[in-house]
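Asker: can't give you the sequence, but here's the structure:
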């Protein structure tokens, strides 16, 4: 490496000639689009199903295919970035993502839409880990904490904005715009990145050095098969009745076989597709597990809080999304605060504080009942918005502490894979808790609703009198009263199941505390450790 590329402390200096904040904004914008598409389609599924004449179960593959292809490409992003160059690889990914988004918007049928979603996931999956490396080289060490706060806004706020934006577009325009909206943003980002981004001095120096850059095809196949099959099992398990389905059994066996074969293969390669030894270390392994937990909480709360207010409070898709919006604003503000705190406070203490704040938010939601208003839900999400940045930003400093320079691309891919996989695990866990606990609570409540019960008879008479006062005949009012009682039983069972789900999410949040306390101290004062090449 030339002397010009190294500062007085021996740290590679940024080689960009433009304002690095412009690079941060453009790279974060592209990453925001990619992460946004993990949730924006969720609220549009009923519209997609209706527009294409398919069931909602079939339409849900729109989400599954994106998650699977996204997980697969993550593992190869480090090799491709080294081989093609970060800028070239990032532009290719962004171009594929933008074009496939347009194709999704004009897809004539479900099969075409699923194919284009696979392409969209492949293009988007490589952008986020490479964006981290680009930011690390664009900023000096003292500014990296604030730079990753900007990046954190994209990764943490995008899933929150997704349901709001997707609900509004679906309600007021059409589901096609959930994909077409990426087109102008993508073209704008491509033009700016092509104009302002340069390969860093560090990357150029590494490119000039001879190195074994052999692609681990077998390792890639095993890792991709494991992650892809795992995503299918997690996303489709509940709909297909888990292991009562031959389809789920087949993918579970494929997932387990790939995992068993992957470990010895990757552990014995000189240049493995993923270095499993990193996950086995105290520092990175703990960060990996914490990121799994934070991904589970982020995606699960983002998906099921709007579902709760739509099903049990009668909110429209747009208003359900707006419940999340105040939390998104709080998250954006907190990212910059935590970006500064990360240079002064050890990451493990910030992570503990964030986990406690999120656990408190989940505990407050265990008191959910029918008379709660909009701001109760919004305040709960705002509390999560305080906690998420306290975990997300410092996890960057802790994850890459002690990681050799040549392994940072793999570390970046693994951390992002943990976030994505954790999100799928969280959604799957909460889905199962809601389904099975609602059945349990409904059966217990029905046992108490017996026609011979004085309480039942008293309620039936009062509700019948109410409907008679509204103009119904006595026979109609009696029938309406029985229906109303049944609806109340279902509503209470639903609330009780959500309480159970929030208890589970609270425990997941608390599980991050002992993991965080195992982290060693990192050097402060220079922002998060570099995570580029």
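Answerer: It's in. Since the structure is predicted, the reported quantities are computational estimates derived from the model, not experimental observations.

Asker: Need the pLDDT of residue 397.
Answerer: What the model reports for residue 397 is a pLDDT of 71.

Asker: er, residue 206 I mean
Answerer: 50.

Asker: contacts for stretch 446-461?
Answerer: 478, 481, 482, 485, 489 (CB atoms under 8 Å, 6 or more residues apart in numbering). (C-beta placed from N, C-alpha, C; glycine too.)

Asker: What of stretch 253-263?
Answerer: With contact meaning CB under 8 Å, 6+ apart, stretch 253-263 is reached by 219, 222, 223, 225, 226, 229, 230, 233, 276.

Asker: Name the nearest of the contacts of stretch 446-461 relative to residue 118.
Answerer: In terms of CB to CB, no member of the contacts of stretch 446-461 lies closer to residue 118 than residue 489, at 42.6 Å.

Asker: just checking, that closest one touches residue 442?
Answerer: Yes. Look at residue 489 against residue 442 with CB atoms under 8 Å: they come within range, at 6.5 Å.

Asker: Out of the contacts of stretch 446-461, who's the most crowded?
Answerer: For those, neighbours were counted by other CB atoms under 10 Å; the highest total belongs to residue 481, with 21 neighbours.

Asker: So which elements touch the helix or strand encompassing residue 134?
Answerer: Using DSSP states H and E, residue 134 sits within helix 127-138. The contact analysis (3 or more CB pairs under 8 Å, 6 or more residues apart in numbering; DSSP states H and E) places helix 127-138 against helix 20-36, helix 77-84, helix 86-105, helix 144-172, helix 201-208, helix 408-448.

Asker: The fourth one versus helix 408-448: what angle between them?
Answerer: For helix 144-172 and helix 408-448, the angle between their directions (axes from the mean of the first three to the mean of the last three CA atoms, to 10 degrees) works out to 50 degrees.

Asker: and helix 144-172, how far out from the chain's middle?
Answerer: 10 Å (CA atoms, centre = their mean, to the nearest Å).

Asker: now it against helix 20-36, angle please.
Answerer: 40 degrees.

Asker: give me every residue that touches residue 512.
Answerer: 289, 290, 293, 294, 351, 352, 354, 355, 391.

Asker: So the fifth one sits against residue 518, correct?
Answerer: No. The pair residue 351 / residue 518 is not scored as a contact, 10.8 Å apart, by CB under 8 Å.

Asker: With neighbour numbers in mind, choose between the two.
Answerer: When neighbours are counted by other CB under 10 Å, residue 351 and residue 518 differ, and residue 351 comes out ahead with 28 against 14.

Asker: Touching, residue 247 and residue 239? I think so.
Answerer: No. The criterion here is CB under 8 Å, and residue 247 misses it with residue 239 at 10.1 Å.

Asker: ok, back up a step: any idea which of the helices and strands packed on helix 127-138 is most buried?
Answerer: helix 144-172 (a mean of 24; mean count of other CB atoms under 10 Å).

Asker: could you give the mean pLDDT of stretch 428-445?
Answerer: 85.

Asker: Then stretch 450-462?
Answerer: What stretch 450-462 shows for mean pLDDT is 78.

Asker: What residues of that stretch count as buried?
Answerer: Neighbour counts over stretch 450-462 (16 or more other CB atoms under 10 Å) mark 459, 460 as buried.

Asker: ok now that stretch, how far from the chain's centre?
Answerer: Here stretch 450-462 is found 47 Å from its chain centre; the criterion is CA atoms, centre = their mean.

Asker: same question, stretch 308-320
Answerer: 21 Å.

Asker: just stretch 278-293 next, same as before
Answerer: 17 Å.

Asker: list the buried ones in it?
Answerer: Under 16+ other CB under 10 Å, the buried positions of stretch 278-293 are 278, 283, 284, 286, 287, 288, 289, 290, 291, 292, 293.

Asker: And the helix or strand the third one falls within, what does it pack against?
Answerer: Assigned by DSSP H and E, residue 284 belongs to helix 282-313. Judged by 3+ CB pairs under 8 Å, 6+ apart, helix 282-313 is in contact with helix 144-172, helix 276-279, helix 317-322, helix 347-365, helix 374-399, helix 408-448, helix 474-517.

Asker: Redo those as TSV? Include distance to residue 185.
Answerer: Formatted as TSV, the helices and strands packed on helix 282-313 follow (distance: least, CB to CB, whole Å):
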stretch	distance to residue 185
helix 144-172	12
helix 276-279	34
helix 317-322	19
helix 347-365	30
helix 374-399	23
helix 408-448	21
helix 474-517	32
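
Asker: Show the contacting residues for residue 113.
Answerer: For residue 113, the contacting residues are 48, 52, 62, 104, 107, by CB under 8 Å, 6+ apart.

Asker: Inside strands: which ones of these?
Answerer: With strands taken from DSSP state E, there is no overlap with the contacts of residue 113.

Asker: now, which of the contacts of stretch 253-263 sits nearest residue 98?
Answerer: For those, the minimum distance to residue 98 (CB to CB) is 26.7 Å, reached by residue 223.

Asker: Where does the closest one fall, secondary structure wise?
Answerer: Residue 223 belongs to helix 217-236, assigned by DSSP H and E.

Asker: Distance from the chain centre to that helix, please.
Answerer: With CA atoms, centre = their mean, you get 18 Å for helix 217-236.

Asker: Could you point out the helix or strand that follows that helix?
Answerer: helix 246-267.

Asker: between that following helix and helix 217-236, how many degrees?
Answerer: Using the same axes, to 10 degrees: helix 246-267 against helix 217-236 is 150 degrees.

Asker: Buried residues of helix 246-267, list them for me.
Answerer: Buried, per 16+ other CB under 10 Å, within helix 246-267: 248, 251, 252, 254, 255, 258, 259, 261, 262, 265, 266.

Asker: With stretch 469-489 instead?
Answerer: Quick answer for stretch 469-489 (16+ other CB under 10 Å): 472, 477, 478, 480, 481, 484, 489.

Asker: Cheers, nothing more for now.
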